[in-house]
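[1] Provided below for reference: sequence and predicted model.
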Amino acid sequence: MSTPTKSVIVGTAGHIDHGKSTLVEALTGTHPDRLAEEKRRGITVDLGFAFLEENGVRFGFVDVPGHERFVSNMLAGAGGIDVLLLVIAADESIKPQTREHFAICGLLGVKRGVVALSKSDMVDSETLELVRMETEEFLRGSFLEKAPIVPVSARTGTGLGELKSALRDAAANASAKDASRYFRLPIDRAFAMKGFGSVVTGTLISGSVGPGDEVELFPRGEKLRVRGVQSGGRTVERAMPGQRTAVNLAGIEHTVLKRGMVLAAPGKFRKTRRIDVRLELLASARKMKQARVHFHAGTAETIAEIFFHGEKELPPGGSAVANLKLQDEVLVLPGDRFIVRQFSPVVTIGGGGVLDPLARRPMLRDTGRAAFLEALERQHGDETLGAMTERALLGLGYEEIVARTGWTEKEIQEALEKLHGTGRVRTVSTEPLVLVSGKLFEDVRKKIIERVERFQKENPLVPGIAREDLRASLGKRVRSETFRAALEELAAEKKVDAKGDLVKKAGSEIALLPEESKAKEQIEAEFASAGLAVPAVKEVLAKLTVEAKRAEKLLQILLREKNLVRASPELVFHRQALAQLKEQLATYKKAKGDRISVPAFKELTGVTRKYAIPLLEYLDRERVTRRAGEERVIL
């Protein structure tokens, strides 16, 4: 036998007692019923699995239950189905459940399949031909319209060869699932195995998993380690997508693990209670307004409240974009298929595909949501990324892109390259990646220029606005990466000057009025002539002809220009006086050594203690002196 190259999940569907399990056993040699109770009663209550290898294809058969009460179990297995094996008993033909199971498979996006007319040995050739015609009529216009219809008998073996051949052909056309995507395994069973601990099983829908991997359990959020992996009843180094997979987990009790949970790549996804979807109603359903329904996606089952975007109600057979508020948290991604069943009586009424797994609450003023969802539905990477960025008020980070799309880094980069040069999206940071819409970026640029100009108009004697104050003035809705990128671009275009901590209009200088220039000179002259015995700042400013606020700003300019130096909150000295003091200390050190007491300092400088202590503390800060007990060491 050649090595299997492709894993294909075959889902069997059809009415109770139409011989699905017996047919799978005849094909594979394995009876899919797991429970002794099922063997005894002859009906499949829970998911059963069997395997067949044929010409390089590894078939995993999911025998989904036919009994009405167990349709939710069927949905748990149907999510990963590549090929449908629809079983119709030749002695009973199409029954209500045949219709429901077939409708579910259509809603779940199953694209290909084969029809088996089971128990064909129990009817004559005319009846068989009649059932074949009824089946063709039933399938007309559906995804199985051109599917082969194969009469078989599990009892006599008639038709089994043709059925295997038809399944092989269907498998050849089934699209391969992608191992390069992030790992996801919806859990449909959890149990304990003696000597192994907790084991979960499911159909691996994307990515791969092997011993030693770290995985995240959704919706609980725990990080767990994989001890071992089996696929098709054998231990494997890595399970690939499309395979029935059992995962042995370390560090968790099996009682905690439940159907509906998902194992996934760690740190990539987010659980959700609100999703935007495309919802399709079956033609057999009643018209729908806002409603509560049973919601099934992957192996999860919960209650959902449906709200239509733009539509008031949905007619039978109709389709609309809708928001679903879920009672329990789930993990879903765009493209995941789901089913909705009527609240009571419980029958399948529709289903569809997820568009946005992290949807906002519907708002009446959010008029652009329907168009946004239609853009997501088209599944063009660049269009999706552009639309998502335009709706992100704060911009879009790498982690959020992955959580909302399931895209790999390569897919994000490809979408970005297509958007490059369109002006629709701006990259404001590459490590980590942060995107904002072109419109938002332009708004931030305009606001920066407006704020800088307004500040300088209101504060003509201040050279610029502090960078942090400018950022704060834009509000919390502008993230730091956007501010930084916009400011750098404006500085590169010479629209602002953003050297150091201050931002000002490019080329702008402080222009003083004649009376301000005179007052500024007056302030400087007062301190220059005072030497070290300086007057109080208030006294100097009070003598000026300009008002107090402008006088204070003129003092700030002199301090910024370093013509004046503030040694303490109360004392300001002229730079020449301080330079002279440093020379005096250097001369003293040569003549009398490197130690000087406070009295000696007062004698040297001719100042009182009121000036001596603040000056010595200033010299300590400037590292001209260092305090040593009651003395200073001249450095």
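    Happy to help now that I have it. Predicted model, so just to flag it, every value in this text is computed and none were measured.

[2] what's stretch 501-517 in contact with?
    448, 452-453, 456, 460-468, 470, 487, 491, 494-497, 520, 545-546, 550, 554, 557 (C-beta atoms under 8 Å, 6 or more residues apart in numbering). In this view, the C-beta of every residue, glycine as well, is placed from N, C-alpha and C.

[3] what pairs with the longest strand along the chain, parallel or antiparallel?
    Ranked by residue count and defined by DSSP state E, the top strand of the chain is strand 319-330. Strand 319-330 sits in its sheet next to strand 272-281 (antiparallel), strand 300-308 (antiparallel), going by DSSP bridges.

[4] list the buried residues in the first one.
    Taking 16 or more other C-beta atoms under 10 Å as the neighbour-count basis, strand 272-281 is seen to contain the buried residues T272, R273, R274, I275, D276, V277, R278, L279, E280, L281.

[5] do the same with the shortest one
    Residues of strand 300-308 classed as buried: A300, E301, T302, A304, I306, F307, F308 (neighbour count, 16+ other C-beta under 10 Å).

[6] got the CA coordinates for it in PDB?
    Presented in PDB, the C-alpha positions along strand 300-308 are these (Å, rounded to 0.1, in the frame of the first residue of the first chain):
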ATOM      1  CA  ALA A 300     -19.600  24.500  20.400                       C
ATOM      2  CA  GLU A 301     -23.300  24.900  21.200                       C
ATOM      3  CA  THR A 302     -24.800  28.000  22.800                       C
ATOM      4  CA  ILE A 303     -27.800  30.400  22.700                       C
ATOM      5  CA  ALA A 304     -27.600  33.400  20.300                       C
ATOM      6  CA  GLU A 305     -29.700  36.600  20.000                       C
ATOM      7  CA  ILE A 306     -29.900  37.700  16.400                       C
ATOM      8  CA  PHE A 307     -29.900  41.300  15.300                       C
ATOM      9  CA  PHE A 308     -30.100  42.300  11.600                       C
END
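
[7] ok now it, how far from the chain's centre?
    21 Å (C-alpha atoms, centre = their mean, to the nearest Å).

[8] so for that strand, mean pLDDT?
    Here strand 300-308 scores 94 as its mean pLDDT.

[9] contacts for it, please.
    Here strand 300-308 makes contact (C-beta under 8 Å, 6+ apart) with 72, 75-76, 186, 260-262, 279, 288, 290-295, 314, 320-328, 330-331, 340, 343, 362.

[10] which of the contacts of stretch 501-517 are buried? Put it as a ChimeraX command.
    A single ChimeraX command selects the buried members of the contacts of stretch 501-517 (16+ other C-beta under 10 Å):
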select :448,452,456,461,462,463,464,465,467,470,487,495,496,497,520,546,550,554,557
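
[11] restricted to helices, list the contacts of stretch 501-517.
    448, 452-453, 456, 467-468, 470, 487, 491, 520, 550, 554, 557 (DSSP state H).

[12] can you add pLDDT and distance to T156 and give these back as a markdown table?
    Compiled in a markdown table, those are given as follows (pLDDT from 0 to 100; distance: C-beta to C-beta, whole Å):
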| residue | pLDDT | distance to T156 |
| --- | --- | --- |
| I448 | 95 | 83 |
| V452 | 91 | 89 |
| E453 | 88 | 91 |
| Q456 | 82 | 95 |
| R467 | 87 | 86 |
| E468 | 88 | 85 |
| L470 | 92 | 85 |
| L487 | 94 | 81 |
| A491 | 89 | 85 |
| K520 | 87 | 111 |
| R550 | 81 | 108 |
| L554 | 83 | 109 |
| I557 | 82 | 105 |
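
[13] can you list these in CSV and add distance to A387?
    Formatted as CSV, the ones in helices among the contacts of stretch 501-517 follow (distance: C-beta to C-beta, whole Å):
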residue, distance to A387
I448, 26
V452, 33
E453, 34
Q456, 39
R467, 33
E468, 33
L470, 31
L487, 27
A491, 31
K520, 57
R550, 52
L554, 54
I557, 51
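
[14] and the helices in the stretch 101-250 of the chain, which stretches?
    Counting by DSSP state H, counting those that start in this stretch, the stretch 101-250 of the chain has helices at residues 125-139, 160-173.

[15] compare these and say which comes out lowest on pLDDT.
    helix 160-173 (a mean of 92).

[16] E631 touches P599, doesn't it?
    No - shown here, E631 and P599 do not form a contact pair, counting by C-beta atoms under 8 Å, at 10.3 Å.

[17] now E489, nearest residue through space, not along the chain?
    Among residues not flanking E489 along the chain, R445 sits closest, at 7.0 Å (C-beta to C-beta, 6 or more residues apart in numbering).

[18] nope, E383 is what I meant
    If the residues on either side of it in the chain are set aside, E383 comes closest to A375, at 5.5 Å by C-beta to C-beta, 6+ apart.

[19] checking that neighbour next. Helix, strand or coil?
    At A375, secondary structure determined by DSSP: H, G, I helix; E, B strand; the rest coil is helix.

[20] show me what S231 is bridged to.
    Bridge pairing for S231 - DSSP bridges - gives R234, T245.

[21] ok, back up a step: and the contacts of the longest strand of the chain?
    218-219, 260, 262, 271-281, 295, 297-298, 300, 302-311, 314, 352, 355, 359, 361-362, 369-370, 373-374, 377.

[22] now do the same contact list for L440.
    By C-beta under 8 Å, 6+ apart, L440 lies in contact with G395, T482.

[23] where does N563 fall, phi/psi-wise?
    Phi and psi for N563, reported as degrees, to the nearest 10, are phi -70, psi -30.

[24] count the neighbours of E431 for me.
    E431 has 6 neighbouring residues, counting by other C-beta atoms under 10 Å.

[25] next: the one 10 residues further on.
    Residue crowding around F441 was assessed by other C-beta under 10 Å; the count is 21.

[26] and the gap between it and R404?
    Per C-beta to C-beta, to the nearest Å, F441 is found 21 Å from R404.

[27] how far away from the center of its chain is the helix or strand containing L615?
    Element membership of L615 [criterion: DSSP states H and E] is helix 609-621. Distance of helix 609-621 from its chain centroid, counting by C-alpha atoms, centre = their mean, is 58 Å.

[28] after that helix, which helix or strand is next?
    Note on helix 609-621: by DSSP H and E, the next helix or strand toward the C-terminus is strand 625-628.

[29] may I see the buried residues of the longest strand of the chain?
    Under the neighbour-count criterion of 16+ other C-beta under 10 Å, strand 319-330 has A320, V321, A322, N323, L324, K325, L326, V330 buried.

[30] pairing partners for whichever helix or strand comes after that strand, with directions?
    Heading C-terminal from strand 319-330, the first helix or strand you meet, by DSSP H and E, is strand 337-342. Strand 337-342 sits in its sheet next to strand 291-297 (antiparallel), strand 348-356 (antiparallel), going by DSSP bridges.

[31] out of those strands, which gets nearest to Y398?
    Y398 lies closest to strand 348-356 among those, at 17.7 Å (C-beta to C-beta).

[32] is it possible to get CSV of the helices of the stretch 101-250 of the chain that adds distance to T384 and mean neighbour count?
    Output for those, formatted as CSV (distance: least, C-beta to C-beta, whole Å; neighbours: other C-beta atoms under 10 Å):
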stretch, distance to T384, mean neighbour count
helix 125-139, 34, 15
helix 160-173, 27, 17
